[in-house]
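In: Pasting the sequence and the predicted model now:
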Amino acid sequence: MIKYNLICFEEHEFEAWFSNSSDYETQRGKLLISCPYCSSTRIDKAIMAPNISSSRKKEAIASKDIQDLSNFNSVVRKLRQHIKDKFEYVGDKFPEEARAIHYGEKEERKIYGEASLSDAKDLHNEGITLTAIPKAVSPKNKKKLN
Ligand SMILES: [Zn+2]
């Protein structure tokens with residue numbers, strides 16, 4: 001017996017069993033195979049995804065995740081370093097400093113600091129654009145994120 005993943009003209013995918021590959025060809029030729037969803041007899045073999053849904057595949061995906069995460073972390077670290085080098089740190093005075101600059105009360109300059117979510121929303125509503133800088137995610141703490 002042989003199992004084929006089949007696909008109809010309407011792109012419905014289904015599985016069917018045949019005694020051998022020529023049995024499939026014969027039945028297909030005689031229009032004996034029909035889609036269980038739409039009864040179409042215009043059937044073809046679906047392209048099969050590599051069947052490696054084993055723990056190895058899961059491991060591969062997990063290590064890809066960790067790779068992505070460490071790439072992300074290194075980008076975030078560079079970004080944070082750049083900000084530290086080029087921007088002035090104003091700490092929790094960030095909302096009032098951002099406002100002062102926005103309304104022209106203070107000289108325009110690049111600043112960074114902390115703002116609560118509600119402060120950030122208020123600033124946004126006043127037309128002050130700010131960017132939240134993500135903290136680097138430690139792969140060691142990754143499990144806690146789940
Ligand atoms: Zn169909």
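Out: That came in fine, so what should we check first?
In: Tell me the residues of the chain that contact the ion?
Out: Proximity of the chain to the ion, by C-beta under 5 Å from the ion, involves residues Cys8, Glu10, His12, Cys35, Tyr37, Cys38, Ser40. For every residue, glycine as well, the C-beta is placed using N, CA and C.
In: Run through the residues that contact the closest residue in space to the last one that isn't next to it in sequence.
Out: In other words, Ser40. Spatial nearest neighbour of Ser40, chain neighbours left out: Cys8 (4.4 Å); criterion: C-beta to C-beta, 6 or more residues apart in numbering. Cys8 sits next to Phe14, Cys35, Tyr37, Cys38, Ser40, Arg42, Ile43, Asp44 when contact means C-beta atoms under 8 Å, 6 or more residues apart in numbering.
In: picking that back up, how about CSV for the residues of the chain next to the ion, with secondary structure added?
Out: Output for the residues of the chain next to the ion, formatted as CSV (DSSP: H, G, I helix; E, B strand; the rest coil):
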residue, secondary structure
Cys8, strand
Glu10, coil
His12, coil
Cys35, coil
Tyr37, coil
Cys38, coil
Ser40, coil
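In: among those residues, which ones are buried?
Out: Cys8, Cys35 (16 or more other C-beta atoms under 10 Å).
In: where along the chain do the helices fall?
Out: 21-29, 55-86, 94-102, 117-125, 142-145 (DSSP state H).
In: so where is the protein shaky, pLDDT-wise?
Out: 48-57, 61, 136-146 (pLDDT under 70).
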